[in-house]
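Trainee: Sequence first, then the predicted structure:
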Amino acid sequence: MAELNTDHESHKLGMHTEQLSGRTQQVFFSPSADENFTYPYAIDVDFAKEAEFDAAAMEISDINLKIRELMKEGHGTITIKNPSAKHSLGVGILNRLNLKFEGSLGYFGCGLVDGPNIHITGRVGWSCAENMMSGTIVIEKNAGSTFGAAMRGGDLVCKGDVGSRTGIDQKGGTIIVGGRAGAFSGFMMQRGRMIILGDAGKNLGDSMYDGTIYVGGKIEDLGVDAVEGEINDVEAQWLETKLALYGMKAPNGVKNLTKIVAGKQLWNYDNLEPSEKKLVL
Amino acid sequence: MAENDIDHFINTDGLDSEREKTIGQHIGYRYDVNLVPDYSRITPFLSKYMETMGWKDLNWLEDVHMGYEDSRAAVFDRNINGWVTVPEEMALPDNQQDRDMIARELLIKFQMSPNHPMVELNKAYSKF
C-alpha cells in the first residue's frame, strides 16, 4: 500500500485511528414482552370481512385513500376492480390485509408495503414492490423492469416474464419468476434470494455482494463477481416448499437449478489499490 | 473464522483477518445471511405469528438471523437500523438454526411492543 501522508489535522485528532466497531444502539430485548403480532399502530382488520370497489373512474390518491378507509372500517379483504394500469396503487400499506387487484397496475405498484398479501390478476409496470418490507405479492402475468428493486423482505412472485434489473439492490426477501428475467437481474444484490425458473439475461448477479440466485433455464452470462455455488439439502427442501406455496415447480427439479452466489472478490473494493482492482475485475 | 465454533463471535472479538485487525472492524456479516430456515425447528410463537399475518411460511423473518455485536448475541432490527442485544441470562442453543428461531421471536416481540422507537416516530410523522 502507498505511504500515507499523516500530516493532516484529522490525523492529529485521531480520526484515522479510532476503532470503528461497536454497538450502534444500546437496546436490549425483554423476553417477557407481551405477545403482540401486529404493530401497535396497525389497523385492526378481519380477513373475513370483505369489500370491493370499482376504480375505473377514480384518481390514484382516491383509490389509495379508499383502501385505508375500508381498512379502518375493519375490512381485511379488499378487491379492486379495473385498476386500469394506474401508477402507484396499493403503496405504503403497513398492515395485515388481503388485497386483490382485478386487472393490471402501472409503475411503482405496491411499493413500501409491510405485511399485506396482494394478488394481481394482470401485469405490472416498472418498479413493482420497490422497497417491499414483508408480505406476499403474486402477479399472474408479466412484470416490467426493476421488479422488486431494493426489496427487503417478503415474497414477490411473478408467474410470467420480468424485465431487466430485477431485484436491483435487493436487501432481503424472495423474488420468484416463473418465466424469463431480463439483463442485469440481481445487480448489486446484497442479500435475499431470487428464483428464476426460465432463462436469465446478460450480466446476471453483476456486482452482487451477497444473496443467492437460482436459475432453472439458461443463463446468457454472469456479471462481475457472480459465481456458481452448490445447493445443499436444507436449501433444496426450502426451494421445494417455497415454490409449492405458489403452485410452481423447478423445470428439472430443484437440485438441478443453477445456484449463483457472490464470489466476494469485490468485498472491500475501496480498500484496494488501483492495480489490485484491475486484477480483481 | 473457526467454521465449527458457534460461539466464535461471543468468545473472541471476531477480528480474524489481517485487514480486520488493522482497521479494528469486522468485515462482512457475523452470520451466514444465506442460511435458509429449517422449518422442522419452528416454534409455536412463530407459527401463531404466521397464522395472524395470513402467511404460510416465515416470510420476511427468513432473513432474520442471530448475529453478534460486541461479543454479545444480538439481532439486527431494520426498523431502528441497529442491533438489539439478547439478554445475557438467556441460554443459547448449540446450533444456528435454533438460535435464528429465538432471534425471530425476540424481534417480533420487540417490534410489536408499544415501547418500540417506531411508535413515537409514527405518531410524529405518520401522514394517514
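Mentor: Everything's here; your move. Since the model is a prediction, treat every value here as computed from it, not as a measurement.
Trainee: and the helix or strand harbouring A:E235, does that touch chain B?
Mentor: Following DSSP states H and E, the helix or strand that holds A:E235 is helix A:233-245. Yes - Helix A:233-245 lies within reach of chain B by Cβ under 8 Å from any Cβ of the partner chain, at A:V234, A:E235, A:Q237, A:W238, A:T241, A:K242, A:L245. Yep, even glycine has a C-beta here, placed from its N, CA and C like the rest.
Trainee: swap in stretch A:77-88?
Mentor: No - interface with chain B: stretch A:77-88 contributes nothing (Cβ under 8 Å from any Cβ), its closest point being 9.7 Å away.
Trainee: now do stretch A:145-165
Mentor: Yes - residues of stretch A:145-165 are located near chain B by Cβ under 8 Å from any Cβ, namely A:R152, A:G153, A:G154, A:D155.
Trainee: Most neighbours out of those residues, which is it?
Mentor: Counting neighbours by other Cβ atoms under 10 Å in any protein chain shown, A:G154 comes out on top of the residues of stretch A:145-165 next to chain B with 29 neighbours.
Trainee: Hmm, it is touching B:L58, no?
Mentor: No - if you go by Cβ atoms under 8 Å, A:G154 and B:L58 don't touch, sitting 10.4 Å apart.
Trainee: Can you name every helix or strand that the strand ranked longest in chain B contacts?
Mentor: Using DSSP state E to define each element, chain B has its longest strand at strand B:72-77. Strand B:72-77 sits against strand B:67-69, strand B:82-85, helix B:96-111, with contacts defined as 3 or more Cβ pairs under 8 Å, 6 or more residues apart in numbering or on different chains; DSSP states H and E.
Trainee: Adding distance to A:G178, write those out as JSON lines.
Mentor: Shown next, in JSON lines, are the helices and strands packed on strand B:72-77 (distance: least, Cβ to Cβ, whole Å):
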{"stretch": "strand B:67-69", "distance to A:G178": "34"}
{"stretch": "strand B:82-85", "distance to A:G178": "37"}
{"stretch": "helix B:96-111", "distance to A:G178": "28"}
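Trainee: a markdown table please, covering those and showing mean neighbour count, mean pLDDT and distance to A:R193.
Mentor: Output for the helices and strands packed on strand B:72-77, formatted as a markdown table (neighbours: other Cβ atoms under 10 Å in any protein chain shown; pLDDT from 0 to 100; distance: least, Cβ to Cβ, whole Å):
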| stretch | mean neighbour count | mean pLDDT | distance to A:R193 |
| --- | --- | --- | --- |
| strand B:67-69 | 21 | 90 | 19 |
| strand B:82-85 | 20 | 89 | 23 |
| helix B:96-111 | 21 | 95 | 15 |
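Trainee: These: which one's closest to B:I6?
Mentor: Nearest to B:I6 among those is helix B:96-111 (6.4 Å), distances taken as Cβ to Cβ.
Trainee: Run the chain-centre distance for the longest strand of chain B.
Mentor: In terms of Cα atoms, centre = their mean, to the nearest Å, the centre of strand B:72-77 is set 5 Å apart from its chain centre.
Trainee: Same question for stretch A:54-64.
Mentor: On Cα atoms, centre = their mean, the centre of stretch A:54-64 falls 26 Å from that of its chain.
Trainee: pLDDT on that stretch, on average?
Mentor: In this model, stretch A:54-64 has a mean pLDDT of 97.
Trainee: Show me which helix or strand of chain B is least confident by mean pLDDT.
Mentor: helix B:18-23 (a mean of 81; mean pLDDT, DSSP states H and E).
Trainee: Chain neighbours aside, what residue packs nearest to the residue in chain B positioned nearest to chain A?
Mentor: Using Cβ to the nearest Cβ, the single residue of chain B nearest to chain A is B:W60, 3.0 Å away. Excluding the flanking residues, the one nearest B:W60 by Cβ to Cβ, 6 or more residues apart in numbering or on different chains is A:G153, at 3.0 Å.
Trainee: With B:A73 instead?
Mentor: B:V86 (4.1 Å).
Trainee: do A:A236 as well
Mentor: Closest residue to A:A236 apart from its sequence neighbours, by Cβ to Cβ, 6+ apart: A:V254 at 5.1 Å.
Trainee: thinking again about what came up before, from the residues of helix A:233-245 next to chain B, which shows the smallest pLDDT?
Mentor: A:V234 (92).
Trainee: The residue nearest to that one when sequence neighbours are not counted - how many residues pack around it?
Mentor: Counting by Cβ to Cβ, 6+ apart, A:V234 lies nearest to B:D38, which is 5.6 Å off, once chain neighbours are set aside. A count of nearby residues for B:D38, using other Cβ under 10 Å, gives 17.
Trainee: what's the answer for A:L97, then?
Mentor: Neighbours of A:L97 using other Cβ under 10 Å come to 26.
Trainee: Quick one: low-confidence residue ranges for the stretch 1-150 of chain A.
Mentor: Applying pLDDT under 70 to the stretch 1-150 of chain A flags residues A:1-34.
Trainee: mind listing the helices for it?
Mentor: For the stretch 1-150 of chain A, the helices defined by DSSP state H, counting those that start in this stretch cover A:9-12, A:60-72.
Trainee: B:T12: which of those is closest?
Mentor: helix A:9-12 (29.5 Å).
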